[in-house]
Structures are given as structure tokens and as C-alpha cells.
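[1] Here is my input, please return the structure:
(one chain, ligands or ions: 2)
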Amino acid sequence: MSDFIPGMIRFDGQPCLVVGGGKVAARKIRKLVACKAEITVISPELHPDTAELQHNFHFLKRAFKQGDTKGAFFVVAASDNSQINLDIYNEAKHHVPLYNIADNQKHSNFFFPAVMERGPLKISVSTSGASPIVSKKIIVQLQQLFSADYEPFLETIGGLRQQILEANVPAEIKKVLLNTLADDKLLNAYKKKDEKMIESIISEVEEQVTLK
Ligand SMILES: C[C@@]1(CC(=O)O)c2cc3[nH]c(cc4nc(cc5[nH]c(cc(n2)[C@H]1CCC(=O)O)[C@@](C)(CC(=O)O)[C@@H]5CCC(=O)O)C(CC(=O)O)=C4CCC(=O)O)c(CCC(=O)O)c3CC(=O)O
Ligand SMILES: NC(=O)C1=CN([C@@H]2O[C@H](COP(=O)(O)OP(=O)(O)OC[C@H]3O[C@@H](n4cnc5c(N)ncnc54)[C@H](O)[C@@H]3O)[C@@H](O)[C@H]2O)C=CC1
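    Ligands and ions are numbered 1, 2, ... in the order given. From the prediction side, this is the model:
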């Protein structure tokens, strides 16, 4: 039994509020910047890690006050004052869809997992709060398991998959083609940087897609 559903949330353009400008805030802001969230940071001070991201967020140089969470889609309470973080939680829980209270997981309905990315491939790891350090270590193991070749491999597949789905060919052929793309043969060609093999697999698929 678990209280969580791991998921992918689209954050682009969503109003997000981060309270606090320390090291933890910087780590969370970096992730929000990467997914193009509309970020506001409220903090009397900015740590250098947060200050270096400043051109990516609206900055209100002051302490949190009641009403600040209004209109936010996501709130991160990352001040070093547990009472302030509790006040943020007590306000956010009534009307903010998602909130992360950095010093109190029981008060959070959103956790940041540790993440490994290879372009479109995103592997996220959570220990449900048991040990963020273990999550970080598992990510390092995954980085060794999934080489950088996954990025061009998946980008190629992604483009071809759209062509296949839109093509005027029978469903059975689409199924075969989608399986061909996902096959280890293409991945291994990327791993070996075998351009000729990559080209040949791609053009084989493209030819079939254009068949009427
Ligand atoms: C529940 C969760 C909620 C959330 O923050 O989303 C949470 C909560 C808390 N973390 C605490 C401490 C630390 N967190 C880290 C590191 C990370 N924490 C992250 C996620 C999460 N942390 C979520 C669960 C993730 C999971 O289930 O595995 C990572 C994975 C992702 C990220 O932060 O983006 C990132 C590593 C990845 C990276 O660096 O990429 C380190 C180590 C370090 O800083 O190197 C320490 C110090 C060591 C220690 O305490 O173990 C404390 C105590 C605070 C206090 O002392 O008061 C709480 C509060 C509590 O447990 O109640
Ligand atoms: N969830 C996580 O991943 C982790 C959470 N933590 C917790 O996160 C919190 C922040 O940790 P750090 O960034 O290391 O602390 P920090 O001391 O570097 O930063 C705290 C920030 O909060 C700001 N602040 C203080 N009072 C405020 C107020 N009233 N309104 C707005 N901002 C205010 C300060 O100006 C400062 O910028 C702590 O409670 C810590 O226990 C710590 C490690 C990891």
C-alpha cells in the first residue's frame, strides 16, 4: 500500500511560488526553471546558488506574508523557519493544488524525486521520503546503466513514431514498425555509433510508412 502515484506533471506556464532563497530553494527552482514554470521567489535574502538563477524568476525581497500563496498552482516552502513553513502549509492546503513543504514531508502532497535524464527518457526515483541520499545513489547507478546514446535513439524514435501513427498503413504494419524501432538493433547501432546501420533501419521504416 502506498499514498503516492508517481506521475509526470506539465509545469510550463504554471504560476509557482517558492518561499525562501537558500540552497534547497535553489535546487527546487532549478527544476522549475527547466520545465518553464512561471516562478516567483519570496525571500529576504538570496543564497548565491539561488541568486545565479535570478533572471529566471520574479523576486520579491521580503518575508512571506499571509495571502502570498493565492493563485499559485504549486508552492514550495523552503524557508529555514519551520513556523513560517507551517503557516505556508496551512494557507496552501485550502486552495493550492500542489505543495512541497521542504522540512515536513507529512505536510507535502508533492515530493521531488531524484531524476536521471537522457533527453526524452526520464527516470525518477523516490524512496517515499525514507532517504533522499539513497535516491541520489540509485540515480548514479542508473546513469551507468543507461548510456548517453538513449538521447539520440529516443529522439529518432519519437519523430518516426509520429510519422508511423499518422501514416495511411494498416494497424498490423504500424505495430511491426513500432516494434522495429524499439528493437535493440537500433539502440545498439547508436551505442556503436554505426551511422550506416542507423540510416538503414530508419530508411527501412520510412519506406514502409510511405507505402499505400
Ligand atoms: C520528502 C522529500 C520532499 C521534497 O523535498 O520533495 C524530501 C524531504 C526532506 N529532505 C531532507 C533532507 C535532505 N534532502 C536531500 C536531498 C534531496 N532531497 C530530495 C527529495 C526529497 N526530500 C523528497 C523525498 C525524495 C525521496 O523519497 O527519495 C531530492 C531527491 C530531490 C530534490 O531535492 O530535488 C534531493 C537529492 C537529489 C539531488 O540532489 O539531485 C539531502 C542530501 C543533499 O542535500 O545532498 C538531505 C540531507 C540528508 C537527509 O536528511 O537525509 C529533509 C530533512 C530536512 C531537515 O533537515 O530539516 C526532508 C524533510 C523530511 O524528511 O521531512
Ligand atoms: N526537502 C529537502 O530536500 C531538504 C529540506 N531541507 C530543509 O529546507 C529548509 C531550507 O534549507 P536551506 O535552503 O539549507 O536553508 P538556508 O538557510 O540556506 O535558506 C533559508 C532561506 O529562507 C529565507 N527565509 C527565512 N525566513 C523567511 C521568511 N519569513 N519568508 C521568506 N523567506 C525566509 C532566508 O532568507 C533564506 O534564503 C530547511 O527547513 C531545511 O531543514 C534541508 C535539506 C533538504
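
[2] can you list the residues of the protein near ligand 1?
    Within the chain, the positions near ligand 1 by Cβ under 6 Å from any ligand atom are 27-28, 31, 100, 102-105, 108, 111-114, 126-129, 131-133, 135-136. Any C-beta I mention is one placed from the backbone N, CA and C, and that applies to glycine too.

[3] Just the ones of the residues you listed in strands?
    100, 114 (DSSP state E).

[4] Buried subset of the residues of the chain next to ligand 1 as a ChimeraX selection?
    The ChimeraX command for the buried members of the residues of the chain next to ligand 1 (criterion: 16 or more other Cβ atoms under 10 Å) is given here:
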select :28,100,102,108,111,112,113,114,126,132,135
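
[5] which of the residues of the chain next to ligand 1 are close to ligand 2?
    When Cβ under 6 Å from any ligand atom is applied, the members of these adjacent to ligand 2 are 102-103, 132.

[6] Which residues does stretch 9-26 contact?
    28-29, 32, 35-47, 49-53, 57, 64, 68-69, 71-80, 84-85, 88, 98, 102 (Cβ atoms under 8 Å, 6 or more residues apart in numbering).

[7] Can you flag the buried ones in those?
    28-29, 32, 37-43, 46, 49-50, 53, 57, 64, 68-69, 72-79, 84-85, 88, 98, 102.

[8] quick one on the thing from earlier: so of the contacts of stretch 9-26, which ones are in strands?
    Those of the contacts of stretch 9-26 lying in strands (DSSP E): 38-42, 57, 74-77, 98.

[9] which one of the residues you listed sits closest to P170?
    Set against P170, the nearest of these by Cβ to Cβ is L98 (42.9 Å).

[10] my read: the closest one touches F73, true?
    Yes - if you go by Cβ atoms under 8 Å, L98 and F73 touch, sitting 6.7 Å apart.

[11] circling back to that earlier point, make TSV out of the ones in strands among the contacts of stretch 9-26 and add pLDDT.
    Below are the ones in strands among the contacts of stretch 9-26 laid out as TSV (pLDDT from 0 to 100):
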residue	pLDDT
E38	98
I39	98
T40	98
V41	98
I42	98
F57	98
F74	98
V75	98
V76	98
A77	98
L98	98
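
[12] can you tell me which of the residues you listed are up against ligand 2?
    Subset of the ones in strands among the contacts of stretch 9-26 in contact with ligand 2: I42, counting by Cβ under 6 Å from any ligand atom.

[13] so what are the domain limits for this structure?
    15-112, 114-146, 150-210 (automatic domain parsing).

[14] Mind putting these into CSV with distance to F4?
    Putting those into CSV (distance: least, Cβ to Cβ, whole Å) gives the following:
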stretch, distance to F4
domain 15-112, 8
domain 114-146, 6
domain 150-210, 26
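
[15] which outside residues touch the one helix or strand S203 maps to?
    Assigning secondary structure by DSSP states H and E places S203 in helix 195-210. Helix 195-210 is contacted by residues 156, 160, 163-164, 167, 169, 173, 177, 180-181, 185-186, 189-190 when judged by Cβ under 8 Å, 6+ apart.

[16] Next: stretch 177-190.
    When contacts are defined by Cβ under 8 Å, 6+ apart, stretch 177-190 is touched by residues 149-150, 152-153, 156-157, 160-161, 164, 169, 194, 197-198, 201, 204-205, 208-209.

[17] Now list the buried members of those.
    Among the contacts of stretch 177-190, those classed as buried by 16+ other Cβ under 10 Å are 149-150, 153, 156-157, 160-161, 164, 169, 198, 201, 205, 208-209.
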